[in-house]
Structures are given as structure tokens and as C-alpha cells.
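Asker: attaching a predicted model along with its sequence, questions to come.
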Amino acid sequence: MRNIFLLLAISISMVAKAQVTKVSLQASGLTCSMCSNAINKALKSLDFVDKVEADIKNYTFEILFKEASNVDFNKIRRKVEDAGFSVSGFVATIYFDNVHIRANQPVTIDNNALLFTESKDLSLNGVKQVKLLDKGFVSSKEYKKNAVGDVSNNAGLYHVRL
Amino acid sequence: MKPLFVIMSFLLSLSTRSQELFSQTEPASNRAVGSIGFRLDNSIMDEANTTKINYHLIPEIMLGISKKLMVSGGIFFSNRSEVFRAEGGSIYTKYRFLSNDAVQKHFRMAGFGRISYNNSDIHQEEISMYGHNTGVEFGIVATQLLRKVAISSSVAFLNATDNGGNNKFVYGQKRSQAINYTFSAGKLMLPKAYKDYRQTNLNLMVEFISQVNTGSGKYYMDIAPSAQMIFDSQVRVDVGYRKELSRTLSRTAPNGFFVRLEYNFFNAF
């Protein structure tokens, strides 16, 4: 029943004139460079990823995408988990071309349905950074604090915050 | 137990950041999915009361099946029987069932099992599924990573049966079972700060390996300090020395050097 609601939410969600240009993620559960390299190489194996810039010292990865590709946030998360680690921070840099978002209504960007948790109408223009709040995209501690519910792997509705 | 406590306190007091790829034990963390690792374990053990050196060579292939499951297989070679020959092999699997991750730290637990075959003669009361006995081993391991320091501890149950080639387990059914206890602590010494995947990593670690035979109550306790270098975030070399601290179990060659070479391919399948 929940999935039907999610699918419904996505199908009625507005397809926005916007594009994900970059994702910056922080990985957790590691210290060694071999572990970091495992994540680096796993991220590079995604077909929509163009380039990965690793900041080994801060355990963060800047992921740049191929042009006109569909960026899938869940696939990125899964690659980090398959390498044996967790995502503790996930910020998408999105270019908005005069997008108006109504409060509590999801908006579809690159096949990802985003639900802004600001609970008010938003008018977005230019480059914005959007933080994902769902389980698997923040630390388990932060997830409990956010209390936004679980993201559905198939339906792909993400709770986000500017 | 006193040296263990001293070294543990020392390592914890230094604790800033960490490493957990131990030489004599496996951590609770698992391999990356789709990665293949090739390992070459060399042990150069000094046979007690003789001038003989026992050389054991174990080539191994390790596969990351899923984020929680890894499988490895190895072949045992040694020169114990006068000629250098293959004596058997083993299959090992590890399943990570708990993982609490935070930035630069984690606590993880895994269950593991090993099935071994060996056709050499049985020459000591010590039971080892890594190049000496035929049988099974299963246990659990817990690993805590805290920045540059990692500590890990495991408990495993071993059950030896007769070796192949009509080599009987000569100490009786009752003494064919044992419990292994391990404690490992490691610290990342270099680099001081990560900038590049090509920087060479240096880890220092110390491990304690103990076995208690459930039938006889006899035991041994070893210490194994080692240094590990990781090149290019892909190639690993461990060099260490295993030294017996105390024992009541009979053992043929408890002391010696070990060298491990490992190469990892990511996204291999």
C-alpha cells in the first residue's frame, strides 16, 4: 500500500527544469587508504559517473556526472555499502532553472523524486545544494534525529533539505 | 596476561586514528563486493630441537561476494615431509552480521568458518586448520576501529579429524577439540595525513594467539608483532615474528617469521 502511495506521489510530482551536477558524499566506518580506494573505485564503476575526486583526509568524495545521464542516488549509496562502508553525508548540487515547488509536493529531478522538508513554497533558481535526509544517506544518529521515514529503494522518493 | 595489558594500554593511549588488516587474524570487516584478492602467506618456522626450518607456503584467493559475505580458498604447501609438496587446502567464509559505522570509527562483528584438508602426518597436539590438520573451525570476531587504532578479538571452536593419507589424529578423540582466543591491536603510523592513494601506509600491530584444548586443558599462548606496508592502496606486505610465550601443549615449530604478500583487484567481477 505504501509503495502505491509513493508511486502515486511520484507520478503526480512535477518534473522540474533542473539537473544534478555534482554529489558530495562523506563515507564512514573507515580510516585506511585501501578502504577509501575501494569506495573510489566502486563509485567510478557507475555508468553515469564521469569523475570522482577523493578527499582522503576528510573521507569525502566529489562525484561528477556524465552529461545527460540519469543520476541515481540509491545506486551511489549502494556502491559505498558494497565496498563495506556507510554514507554519513550526501549533498547534491543541483542547477535549478526557475523552478517553483509547492509545499509538501515532490518534484522530479533526473528521475529522483525529491520532497523538500521546508514545508513552504519554494522558488529556486541557479545552483543550490540539497542535503538528503533519508536512512543510508546520513549517519544512523542523524537519521534518528531527522525522523523522515525510510526511503523506498524502488520508488525513490527522497526527503531533502536546502 | 600482563604484557597483553601493558601493550593494549599503550596502544589505546596513543590512539588517534587506525588500521585493522591484521596479519595473524581476520577482522570483522569484509571485502568490497566484486573484489578479488591474491595472497601469498610464507611461514619460516624454526623446528624445535633440530636445525630444520619448516617452510609453509599458502597461496590464497579471496572473493567479496556481497557486502556481508566473503569466501576464500587456499592451498597448503610445506617442506615438513622432507620434500616441498602440496599437503592440502581449505575454504574459509566470513559473514558480517553487525556494523555500526561513524566517521573514522566502527564496531563490527562477524561469524566465520573454515573447512580444511591436510594429508601430512600429525606431529603435535596443537590443532591448526591453517596448514596442519584436517577438520573444521568456526567462531566469531569483533573489531573496533577508532581513528588510527583498531582492536579485534575472536573466539573459535576447532574440531580435528584424521588427516588424509592414513595419518591418524593420534591423541585420541577427546583431545581433538580446542578453542582459539585471539586479541589484536594495530596502529596506523604513516602517513601522518592522507593526501594521495599512492602514499605508502605503515601499520604496526601486535597480536596474541592462544589455544586451549578442551579435552586435556593444555594450552599455548603466542605473541606476534608485525609491520605492514600498503603500497598504492592496493598492494600489502606484512612482515612479522611469531613467538611462543608459554605452553603446555606439545608443538613442533612454534617460533618463526612470517611474510604475507597481497594484491587486490577492485570491481573484478
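Answerer: Looks like it came in fine.
Asker: C-alpha only now, for contacts and for neighbours.
Answerer: Noted.
Asker: does B:A193 sit in a helix, a strand or a coil?
Answerer: The local conformation at B:A193, judged by DSSP: H, G, I helix; E, B strand; the rest coil, is coil.
Asker: list the buried ones in whichever strand or helix holds B:E244?
Answerer: Using DSSP states H and E, B:E244 sits within strand B:235-247. The neighbour-count check on strand B:235-247 (16 or more other C-alpha atoms under 10 Å in any protein chain shown) flags B:235-244, B:247 as buried.
Asker: check whether that strand contacts chain A.
Answerer: No - judged by C-alpha under 8 Å from any C-alpha of the partner chain, strand B:235-247 and chain A are separated, with a smallest distance of 8.9 Å.
Asker: state the mean pLDDT of stretch A:31-50.
Answerer: Per-residue pLDDT over stretch A:31-50 has a mean of 90.
Asker: what lies in contact with it?
Answerer: If you take C-alpha atoms under 8 Å, 6 or more residues apart in numbering or on different chains as the criterion, stretch A:31-50 is touched by A:30, A:51-52, A:54, A:56, A:59, A:61, A:63-66, A:69-71, A:75-76, A:79-80, A:83, B:17-19, B:32, B:104-105, B:147-148, B:194, B:197, B:201, B:230, B:233-234, B:266-267.
Asker: which of those are buried?
Answerer: For those, buried by 16+ other C-alpha under 10 Å: A:30, A:51-52, A:54, A:56, A:59, A:61, A:63-65, A:70-71, A:76, A:79-80, A:83, B:17-19, B:32, B:104-105, B:147-148, B:194, B:197, B:201, B:230, B:233-234, B:266-267.
Asker: beta partners for A:H100?
Answerer: Counting by DSSP bridges, A:H100 is bridged to A:S123.
Asker: just the pLDDT for it.
Answerer: Reading off the model, A:H100 has pLDDT 88.
Asker: next, count neighbours for it.
Answerer: Counted with other C-alpha atoms under 10 Å in any protein chain shown, the neighbours of A:H100 add up to 16.
Asker: would you mind measuring from it to chain B?
Answerer: 36 Å (C-alpha to the nearest C-alpha, to the nearest Å).
Asker: enumerate every residue touching that residue.
Answerer: Contacts of A:H100 by C-alpha under 8 Å, 6+ apart are A:121-124.
Asker: kindly report the same for B:K67.
Answerer: A:81-84, B:30-33.
Asker: just A:V138 next, same as before
Answerer: Contact analysis of A:V138 by C-alpha under 8 Å, 6+ apart lists A:87-90, A:132.
Asker: tell me which element the closest residue to B:K68 other than its chain neighbours falls in.
Answerer: With sequence-adjacent residues excluded and distances taken as C-alpha to C-alpha, 6 or more residues apart in numbering or on different chains, B:K68 is closest to B:R96, at 4.8 Å. Assigned by DSSP H and E, B:R96 belongs to strand B:85-102.
Asker: please apply the same query to A:N74.
Answerer: helix A:73-82.
Asker: other SSEs contacting that helix?
Answerer: If contacts are counted by 3 or more C-alpha pairs under 8 Å, 6 or more residues apart in numbering or on different chains; DSSP states H and E, helix A:73-82 sits against helix A:33-44, strand A:86-101.
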